[in-house]
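*Asks:* Generate coordinates for the sequence data below:
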Amino acid sequence: MSEFPGRVAVVTGAGSGIGRALALDLASRGARLALSDVDSVGLAETVAAVTARGAEVRSDHLDVSERAGVLDYAETVRSHFGVVNQIYNNAGIAHHGDVERTEFKDFERIVDVDFWGVVNGTKAFLPHLIESGDGHVVNVSSLFGLLAIPSQSAYNAAKFAVRGFTEALRQEMLISGKPVRVTCVHPGGIKTAIARNATVTDDHDQRTVAEMFDRKLARTTPEAAARTILTGVQKNKARVLIGADAKALDILVRVAGPHYQDLVAKVTGRIMPKPVA
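*Replies:* Down below sits the predicted model:
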């Protein structure tokens, strides 16, 4: 528990899902919180919930893809609390559609939020984490940062990039001896609204895609995900896998190598929603 009481923890995407669950769990462990989201209503609900648990909290509307805003935000949080110990780069969005039908703007939007949002948050807060003498960067990738899935090329690209960026950062901190630990998180199917809020290509029905995810893939609660993440932080794990699906498919990739692609293509070809006429 010594990792959290009194520590200042920054959580992006705190208005719902894993971000809200992290905020609540951190509040229960005595952390001081800097919470942000683009969803002001959801963020306000999270703030009310953590305040009810007695947490000291600051909340800000923040678009993680806007670099200047994130840089300003980091300075504001540092000034407000006097120190920053942990950053949970959690904010993310999704898109469903084949490469052939996905517009360039959709690739750019996903990469801007899911990858550049992580880079922006990490770069903006890293000097303050080093300054604290007790820093931790927690970047949320995905199961789809471990293996590729048809119709998820944009999300795969961003989440694989988060993984590579985060693993390189951890090694750099080890080499330099800087007082910052680094953890990359790979959730499997989590019961959040990410699929319901996702964009889709014009040959897919958004509701059908979301229902398929919620019914067949989402198995782990955000609360369980948050507990697993914070246990990983306590243990200074390089990689945290969340859910039996993430663990099983990670093993599949390790055992099958590139042949996993053929196996995944066969399975997803049967269960994925078919394009609409």
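
*Asks:* From now on I want contacts and neighbour counts done on CA atoms only, so please keep to that.
*Replies:* Noted.

*Asks:* the helices in the stretch 151-277 of the chain, which residues?
*Replies:* Remark: helices assigned in the stretch 151-277 of the chain by DSSP state H, counting those that start in this stretch are 153-176, 206-212, 222-234, 244-256, 260-271.

*Asks:* and the shortest one, average pLDDT?
*Replies:* Right, helix 206-212. Averaged across helix 206-212, the pLDDT comes to 62.

*Asks:* and the nearest residue to Thr201 once chain neighbours are set aside, bridged to which residues?
*Replies:* Among residues not flanking Thr201 along the chain, Gly97 sits closest, at 5.1 Å (Cα to Cα, 6 or more residues apart in numbering). Beta-bridge pairing for Gly97 (DSSP bridges): Gln152.

*Asks:* Wait, Gly97 touches Gln152, no?
*Replies:* Yes. Assessed by Cα atoms under 8 Å, Gly97 is found in contact with Gln152 at 6.5 Å.

*Asks:* Please say which of the two ends up with more neighbours.
*Replies:* Gly97 (21 against 17; other Cα atoms under 10 Å).

*Asks:* List the contacts of that one.
*Replies:* Listed by Cα atoms under 8 Å, 6 or more residues apart in numbering, the contact set of Gly97 reads Ser151, Gln152, Ser153, Val200, Thr201, His204.

*Asks:* same thing but 7 Å
*Replies:* Neighbouring residues of Gly97 by Cα atoms under 7 Å, 6 or more residues apart in numbering: Ser151, Gln152, Val200, Thr201.

*Asks:* returning to that earlier point: would you turn the helices of the stretch 151-277 of the chain into JSON lines with distance to Leu126 and mean neighbour count?
*Replies:* Formatted as JSON lines, the helices of the stretch 151-277 of the chain follow (distance: least, Cα to Cα, whole Å; neighbours: other Cα atoms under 10 Å):
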{"stretch": "helix 153-176", "distance to Leu126": "10", "mean neighbour count": "19"}
{"stretch": "helix 206-212", "distance to Leu126": "36", "mean neighbour count": "17"}
{"stretch": "helix 222-234", "distance to Leu126": "17", "mean neighbour count": "20"}
{"stretch": "helix 244-256", "distance to Leu126": "28", "mean neighbour count": "15"}
{"stretch": "helix 260-271", "distance to Leu126": "36", "mean neighbour count": "12"}
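
*Asks:* Would you single out the least confident of those helices?
*Replies:* The lowest average pLDDT among the helices of the stretch 151-277 of the chain, as it happens, falls on helix 206-212, at a mean of 62.

*Asks:* Excluding residues flanking it in the chain, which one is nearest Ser59?
*Replies:* Leu35 (4.8 Å).

*Asks:* these two touch, right, that neighbour and Val11?
*Replies:* Yes. The pair Leu35 and Val11 qualifies as a contact (Cα atoms under 7 Å) at a distance of 5.1 Å.

*Asks:* okay, now Asp60: neighbour count?
*Replies:* 16.

*Asks:* Tell me the predicted confidence for Ile194.
*Replies:* At Ile194, pLDDT is 71.

*Asks:* try Pro275
*Replies:* 74.

*Asks:* What residues sit buried inside the one helix or strand Val77 maps to?
*Replies:* Using DSSP states H and E, Val77 sits in helix 67-81. Buried positions in helix 67-81, judged by neighbour count with 16 or more other Cα atoms under 10 Å: Arg67, Val70, Leu71, Tyr73, Ala74, Val77, Arg78, Phe81.

*Asks:* Could you tell me the average pLDDT over that helix, please?
*Replies:* Mean predicted confidence for helix 67-81 is 98.

*Asks:* who does whichever helix or strand comes after that helix touch, helix- and strand-wise?
*Replies:* Remark: after helix 67-81, the chain's next helix or strand is strand 86-89, criterion DSSP H and E. Here strand 86-89 touches strand 8-11, helix 116-132, strand 135-140, going by 3 or more Cα pairs under 7 Å, 6 or more residues apart in numbering; DSSP states H and E.

*Asks:* mind exporting strand 86-89 as CSV, just the C-alpha atoms?
*Replies:* This file holds the C-alpha atoms of strand 86-89, laid out as CSV (Å, rounded to 0.1, in the frame of the first residue of the first chain):
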residue,chain,number,x,y,z
GLN,A,86,2.3,8.7,-11.1
ILE,A,87,0.7,9.1,-14.5
TYR,A,88,-1.9,6.7,-15.8
ASN,A,89,-2.2,7.4,-19.6
